[in-house]
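>>> let me see the structure of the following:
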Amino acid sequence: MIMDTSFVHETFNDTDGSRYVLIFRFWHPELTEDEKNALLYVFDCLDLPENVAIKEATKRLQKRTKAKQSRAGKTKGFGAR
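Numbers count the residues shown, from 1 in each chain. Here you go, the predicted structure:
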């Protein structure tokens, strides 16, 4: 089963047994690089411990965007200097 978890939702385990969830994240093929970076920032904020989440997520976003700018500077084509 595949679920779109971008919608607000909640789940319950109304049993005495354990519940295990395996999560795979994959990109919609039409997302832009900037949209992916924005989502990665949100995921980092949610995945990291509260006391470091935003600071570390911001560092990771800056690293990704610098890498993107570096790659863009190496390509030659329309508008290249």
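>>> any idea whether the most centrally placed residue in the chain is helix, strand or coil?
Centrality entry for the chain: nearest residue to the mean C-alpha point is residue 40, 2.0 Å, by Cα atoms, centre = their mean. Under DSSP: H, G, I helix; E, B strand; the rest coil, the three-state class of residue 40 is helix.
>>> and what of residue 21?
Using three-state DSSP, the secondary structure recorded for residue 21 is coil.
>>> tally of neighbours for it?
If you count neighbours by other Cβ atoms under 10 Å, residue 21 ends up with 6. No exception for glycine: its C-beta is placed from N, CA and C like everyone else's.
>>> buried stuff in the longest helix seen in the chain?
For the chain, the longest helix by residue count, based on DSSP state H, is helix 53-74. Using 16 or more other Cβ atoms under 10 Å as the test for burial, helix 53-74 gives 57, 60, 61.
>>> for the first one, which non-adjacent residue is spatially closest?
This means residue 57. residue 44 (3.5 Å; Cβ to Cβ, 6 or more residues apart in numbering).
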